[in-house]
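**Q** could you work out the structure for the sequence below:
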Amino acid sequence: MMRIITGAARGARLQAPAGEHTRPTAERTKEAVFSMLGEGVVGRPVLDLFGGSGQLGLEAVSRGATRAVIVDNDRAAVEVMRENARHTKLFDRVDIISGDAISFLRTYTGAPFGLIFLDPPYATALVYECLALIAARGLLRCGGTVVCETAAPEAVFAGDAALEAQYEVLRRARYGVAHIALLSPVREGQV
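**A** Down below sits the predicted model:
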C-alpha cells in the first residue's frame, strides 16, 4: 500500500493505476530519495514526469514544495492521480497534465522547476531524452535537482559525454532493481 510518508498529508493512502503500464516507486526507494533531498524540497516548484499514481509529486507538495506539475500519458493513471490529489487534500497545489512527457518538455513555457522527477518505464531511453530537453530548454533552475530512477546507472546519460558534462552527479544509490541518480545543472565556469 502506498502512502504519503510525512508532511501536510502524512499517512494518506494512495491508489495505484491498475494493470502493468505503471510501476510505482517502492516505498523504501521513495523514502530514501526524500531523505537524500532533505530540505531541498521546501519552497521549490516540482515537475513529476511519468507520474503514474502521482506519489512523488504529491509527497513533495506534502513536504513543502510550492506546487507540482504531474504528467502522464495513461488516462487511467491521470484519473488515479486526480483522485489521490483530492484524497490528500493537495489538489489546489497540483496541476495534473494528461499527455506525453517529451511533448510536455518541448512545449512548456512556464518558469523553470526546482525539482524534477524522472521515473519512466525502464526499458526505454526516456531519461536520457528528457535530460537532453531539460538542459536544452533551461527547464531546471540553477541549483535545482533532477531525480532519475533507472534500471541501470548507464541509462541516465546513455553514453553521451556532452550531455553528462551539463550535469553534476550529486549522488547515486541503488535500492533493489532501482538505480537512483540525483543531478544538478553545471553552472557556467564550473569544472
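
**Q** and the spatially most central residue of the chain, what element?
**A** Geometric centre of the chain, nearest residue: F117, 1.3 Å, by Cα atoms, centre = their mean. Using DSSP states H and E, F117 sits within strand 113-118.

**Q** in CSV, list the C-alpha atoms belonging to that strand.
**A** In CSV, the C-alpha atoms belonging to strand 113-118 read as follows (Å, rounded to 0.1, in the frame of the first residue of the first chain):
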residue,chain,number,x,y,z
PHE,A,113,11.4,23.9,-11.9
GLY,A,114,13.5,23.5,-8.7
LEU,A,115,13.0,19.7,-8.6
ILE,A,116,12.2,17.2,-11.4
PHE,A,117,11.4,13.5,-11.0
LEU,A,118,12.2,11.2,-14.0
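
**Q** ok, back up a step: for the residue nearest to the centre of the chain, what are its contacts?
**A** 46-49, 56-57, 60, 146-147, 149 (Cβ atoms under 8 Å, 6 or more residues apart in numbering). For the C-beta atoms, the positions are set from N, CA and C on the backbone; glycine is no exception.

**Q** ok, back up a step: show the subsequent helix or strand relative to the strand holding F117.
**A** Following strand 113-118 toward the C-terminus (DSSP H and E): helix 126-137.

**Q** and that following helix, how far out from the chain's middle?
**A** 13 Å (Cα atoms, centre = their mean, to the nearest Å).

**Q** stretch 31-43 too?
**A** So, by Cα atoms, centre = their mean, the centroid of stretch 31-43 is 12 Å from its chain's centroid.
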